[in-house]
Structure formats: structure tokens, C-alpha cells
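A.B. asks: The amino acid sequence is not available; the structure is as follows:
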């Protein structure tokens, strides 16, 4: 008794220490949360604020199951797909795993019975069976792991291909980042969220199907051993506890979605520093950027800590309800037939009753574990609801953008320079204009020059350009030059009127900072064509060398090791070389019209003149934005925008005032 009382005292002391540690941890967490909130108050910022009627509630309801059904239809396209085959494989291994568990219970009970009964032959026989079955059970376990991992990978492949098919359809990748402001970080959704969704679905398949299978098997075995009342009580407890815990876990889906959103914001803030590192360095803005970055991190940490506290609270309730109390129910259920004097078990010997109790008890423990896992699977399903909502939102936005619909904060009240409200004759509706495809002509007929958010730059624009009529576009910054080209390139919607232009492939755009793709030197010239498409079009490497010589870059191929040379061309080439590579790209494609947006600002005047002369020789009609007076001689017409809503399109003659330097 003395030793027992000492043991109890030690256990009481451990309980007190554990409780004190829990209270201290809670206090520390609360204080750190307050500090994080104080830090966030010091730094405020907005990242692509989503405009909606209200935050959507994420919970396990009909909407969630409809979204999940749609996404499952994407990752499992048919019963004859490989993904469905792996589902069957995982199901088969789960059945095998459950049968192995039952066999282990029976074999272990037989080994223990042989030990207690001092039956050496029976002990050796059952132990030999266990050793023989070990490789089979190991194969089953690893086959289950392989099947689940392969299932996750195949799900991710299917869903990624499906989303990227929409993302890179037309100009959707541009529109989701520049026109629509519903999704702040599509890269986060396309990578991390898709991966987590697929992993969550595959794990949930295993975590639900295995406990369900175990429940069916153990209920059947226990009903035969101790009657139907015991398993029935356990199933009733499963239903009641599942409903109770599902109700308490409702905030988990919303917290999961918010976590992924904040993770995306933190990644975006870091990517901004990388993208604008030179400008930040010139301003010496490292301290400011550090504050902004750490503020985004503090917001993420504060949310993760709240989520951690929620999971701590739910974990406590989960353990009590799904594990410990389920064990109490299990002991109560399994004890009833053994304590009942009228039960047939009472007439068996002590060793037989002990063996039956071990078998029934272990199966009941397994049943309780299965019920606990099934109840806890609700927690994972709630997290899955968060991933499902985000991936579904991405898919929905991509489909709407492909259909020409976008949502953006619009300029509600337009004003003139004096601040007076401007009344519009025609309401501004995105996509309400008409587009006609016709070769060798660009014609604006009463087309308003409007930004995607409804800011009107020019209310009514009309002019006509045929092939061979080179146009110089000029005007102050913000007057609408780039907006005009974005409408021409079909990046922005038309808010009215009629635009006649060639199809996309016959209109080429070259910006001031040319884009250099990943790949070979050949890829830089033929972009966005591939080498096989280049050969199909009848072009040869000799033609590419000719284009390089035309832009006076013939030495590049020799210096870098030929057209097959691979390098980081953004770093290898100078600013002027990149601009001339872009002109060689223009010569390769030889479109009907080309938009040159300050694309020769880093090229010498004499080389620039040769480039424009070559364009005229091969029949490329130019729309040029430039501040160089030397380029006026290469153009016949001028489109001047004054930045106050007016424009003038006229032929260049001796009386035309030349702008620029």
C-alpha cells in the first residue's frame, strides 16, 4: 500500500505539472498573439483586395459536396482511367490490411494462450505462422503506401493539366492578373493549393474507407461473439459523436482557406522584392521593404497561432470524445456478456473465457479505433472544404475569363479636369463593342478608349490605317498610347463601337523591355514558335542567321556557340542586344502590322534606321511609340493624344510639328 500511495502521489504531481505547463503555454500564446496584432497595426497594406458581396462561409454542406463532386470528376475522368484503377488497388490493399489485422489478433491470442498453457508445440506452430506471414503483411502495407502516393500524384497531374489548360487559353493568364481582381495569387492556387487538395482527397479516401471497412468486419465478428447489442451501441455513439464534433469543427474550413490566402500574400510580398529589387536598391528602401515583408509574415503567424489554438482546443475534445470515452464505451460493452451469469460464456472454462475475452476485447479496441479514426476524419474533411473552395473559385474565375467575363472595381463617377461629373451618352459595358477580322487594315469606328476599371481616356476614337501607312503615336504619359495597343492586341475588352483588324497572328507587339524565353538562342528568335513549328513553316537556321545579320547581331551566334546554345539570355544579352533580338523576332514572323513601343530606345540611331527600312522593304506596317525625332522620317501618319480626352490623326507633312528629341 505504501508503494501504491507513493506511485499515486507521483502521478498527482505529474498531473499538476502538466496542467501548469498547459496554462503557461496558453498565456504565452495569448501574449504573442497580442504582440503580433500590435505589430500589424504599425504597417498597413492591401494586396489585390477582393470585391464581393460578403465572405462566403466554408462548411460541410451541399455546396461543398457539389464542388467536391465536380473536382473529383476532373481527377477521375472515367471508371476506365488509371486513377480509378489505383482507387481499386488501394481498396483491395485496405481489405487485405483489415484481414491481416484480424489474422494477427487471432494468431497473437493463440500464441499467448499457448504461453499461458505451457504448450510448446502450439507456441512454436503459431509463431512459425507469424514469421511466414510477415513478408506478406509487409508487401500489403507498402503496396498501400505506394498506391496512395501514386494516387496523389495522378490526381495532381490531372487537376494541374485541367487548370493550366484554362489558364493558358488565349490571354486568360494575363486577364486573371491584370483585369480581374477576385484572385490575388493564382500561382499559390495553381501550385500549393492544388497539391494540398489532391493530398487531402487521397488521404481522406484511405482514412474513411479503412475505418468503414473495419467497422463492417468487426461488427460482424463481434455480433457473432458477444451479440448485436454491443456493436450497435458503438455505432450509435459514432453517429452522435460525429455530429457533435462536426458542429464544433465548422470554423476549420474558413481558417484553412484564410491560411492559404495569407501564405499566398506572404509569397507575393517576397516576389515583389525580387521583381523590383533594382528600384528598391536605388531608393535604399530595404528597411521599408523589411517592415512590409515582416508585417505580412506577422499576419500569417498570427493567423497560424489562432488556428493552432483552435486545433489545440478541438484536439482536446477529439481525444476525449473519439478516443478515451469511446474506450470507456468499449469496456462497458465487452464486459456485459462476461459479467452476465446467464450468458453461455459463463459455462466455459477460465482459459476459454480468457481467450474469448482477448479476442473480443482486441476486436472491440480495433472497432473503437476505427470509429475514432472515422470521427477524426471529419476534421480532415473540414480542412478539405477550405482547399476545395479555393480551387473551385480558381476554376470558376478561369472559365468566366475564358467566356469574356471579368469582375473589377469600376470607376463609378467619372469627372472632368475641373471635377465636374461627366454624363455618358452610352453606358460603358465591357465587351459591348464589335470586332471584325479583316486583313491589311486597322479601323476604329467610334471606339471609346477605356481602361478595364471604366476610366475613360478618349470617349470616341475613329481612324483607319491600311497596309503601308506607318503611324507614329505620340502624346504625354498616361494619354492612352499603351491602352490603344492593349485593345488592338485584344488584351482589354472593347466598350463600344467597331474595331476592324487582322487576326492575332498577323499583329505583332514589341515592348521596350523584350521578353527572353527559357531555351536556346534559336528559341529567342522564333518565340513563341517551337523548332518543329519553325521547320513546318519552311524556315531554316540560315534564315535565322540572316535575321541576326539584319539587326547586326551575327556575332552573337558565334560568341555563344551557335543557335543551339542555351543560356540565361536576360543576363547574357545587353539592353540593346535584347531589343535587336526582338526586332529579329519581328523579321522572322513578318506580320502585316507591328506595334513598336519604344523598342529601339537602347539602339543607336544608324542601326535603328536600318531596322525601320527593313520593315518597309518586307511590307510590315508600323505603329510606333517613340520620343526620337529621327523616326518621323519612317512614318507617313501621326496619331497625337493630348491626355485630356482629345486626339488627332493626320498625315505628316511639312507643317507637322515633330515631337521628341
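C.D. replies: Thanks, I have the structure now. It should be emphasised that the depicted structure is a prediction, and the values quoted were computed from it without experimental measurement.
A.B. asks: excluding its backbone neighbours, what's nearest the residue nearest the centre of the chain?
C.D. replies: Nearest to the centroid of the C-alpha atoms of the chain, with distances taken as C-alpha atoms, centre = their mean, sits residue 189, at 1.4 Å. Distances taken as C-beta to C-beta, 6 or more residues apart in numbering place residue 394 nearest to residue 189, at 4.5 Å, with adjacent residues excluded. C-betas here are computed from N, CA, C, even on glycine.
A.B. asks: Okay, that neighbour and residue 60: tell me how far apart.
C.D. replies: Look at residue 394 and residue 60: by C-beta to C-beta, to the nearest Å, they are 21 Å apart.
A.B. asks: Between these two, which is the more surrounded one?
C.D. replies: residue 394 (22 against 19; other C-beta atoms under 10 Å).
A.B. asks: The more buried one: what's it in contact with?
C.D. replies: 163, 183, 186, 189, 190, 193 (C-beta atoms under 8 Å, 6 or more residues apart in numbering).
A.B. asks: For the fifth one, which non-adjacent residue is closest in space?
C.D. replies: Put plainly, it is residue 190. In this structure, residue 190 finds its nearest non-sequential neighbour in residue 163, 6.0 Å apart by C-beta to C-beta, 6+ apart.
A.B. asks: cool, the third one as well?
C.D. replies: Leaving out its chain neighbours, the residue that sits closest to residue 186 by C-beta to C-beta, 6+ apart is residue 176, at 5.4 Å.
A.B. asks: That neighbour: helix or strand, and which one exactly?
C.D. replies: Assigning secondary structure by DSSP states H and E places residue 176 in helix 172-178.
A.B. asks: Could I get the buried residue list for that helix?
C.D. replies: Applying a neighbour-count criterion of 16 or more other C-beta atoms under 10 Å, one finds 172, 173, 175, 176 buried in helix 172-178.
A.B. asks: Of those, which pair is most distant in space?
C.D. replies: 173 and 175 (7.5 Å; C-beta to C-beta).
A.B. asks: Would you mind checking which of the buried residues of helix 172-178 is nearest to residue 580?
C.D. replies: Nearest member of the buried residues of helix 172-178 to residue 580, counting by C-beta to C-beta, is residue 173, at 27.2 Å.
A.B. asks: any idea how far the closest one lies from residue 167?
C.D. replies: Residue 173 sits 5 Å away from residue 167, taking C-beta to C-beta as the criterion.
A.B. asks: if we can go back for a sec, now do the same for the residue nearest to residue 189: helix, strand or coil?
C.D. replies: Look at residue 394: counting by DSSP: H, G, I helix; E, B strand; the rest coil, its state is helix.
A.B. asks: Let's see the pLDDT reported for it.
C.D. replies: At residue 394, the pLDDT value in this model is 93.
A.B. asks: same deal with the one 3 residues further on?
C.D. replies: At residue 397, the model reports a pLDDT of 94.
A.B. asks: Where does it fall, secondary structure wise?
C.D. replies: Per DSSP H and E: helix 350-402 holds residue 397.
A.B. asks: Repeat that for residue 596.
C.D. replies: Going by DSSP H and E, residue 596 is part of strand 593-597.
A.B. asks: Let me see the mean pLDDT of whichever helix or strand comes after that strand.
C.D. replies: Following strand 593-597 in sequence order, the next helix or strand is helix 605-618 (DSSP H and E). Mean pLDDT, helix 605-618: 93.
A.B. asks: what angle do helix 605-618 and strand 593-597 make?
C.D. replies: 160 degrees (axes from the mean of the first three to the mean of the last three C-alpha atoms, to 10 degrees).
A.B. asks: downstream neighbour of helix 605-618 in the secondary structure list?
C.D. replies: Next along from helix 605-618, by DSSP H and E: strand 621-625.
A.B. asks: Surely residue 451 is in contact with residue 492?
C.D. replies: Yes - using C-beta atoms under 8 Å, residue 451 is in contact with residue 492, at 7.4 Å.
A.B. asks: These two: who's more crowded?
C.D. replies: Using other C-beta under 10 Å as the criterion, residue 451 and residue 492 rank with residue 492 on top: 23 against 18.
A.B. asks: Not counting its neighbours along the chain, what's nearest the more buried one?
C.D. replies: Excluding the flanking residues, the one nearest residue 492 by C-beta to C-beta, 6+ apart is residue 486, at 4.5 Å.
A.B. asks: Which strand or helix spans the residue nearest to residue 190?
C.D. replies: Per DSSP H and E: residue 163 is located in helix 120-167.
A.B. asks: Can you name every helix or strand that that helix contacts?
C.D. replies: Packed against helix 120-167 by the contact rule (3 or more C-beta pairs under 8 Å, 6 or more residues apart in numbering; DSSP states H and E) you find helix 62-75, helix 82-116, helix 172-178, helix 194-226, helix 350-402.
A.B. asks: mean pLDDT for these: which is lowest?
C.D. replies: helix 350-402 (a mean of 80).
A.B. asks: List the neighbours of the helix or strand just after that helix that are in contact with it.
C.D. replies: Per DSSP H and E, the first helix or strand lying C-terminal to helix 350-402 is strand 434-437. Strand 434-437 is contacted from outside by 490, 494, 497, 498, 499, 500, 501, 502, 503, using C-beta under 8 Å, 6+ apart.
A.B. asks: try stretch 396-413
C.D. replies: 51, 163, 166-167, 169-170, 172, 175-176, 179-183, 421, 430-431, 452-455, 493.
A.B. asks: What of stretch 71-85?
C.D. replies: 87, 151, 154-155, 158-159, 162, 197-198, 201, 388, 391-392, 395.
A.B. asks: Quick check: residue 475 touching residue 640?
C.D. replies: Yes - judged on C-beta under 8 Å, residue 475 makes contact with residue 640 at a distance of 5.8 Å.
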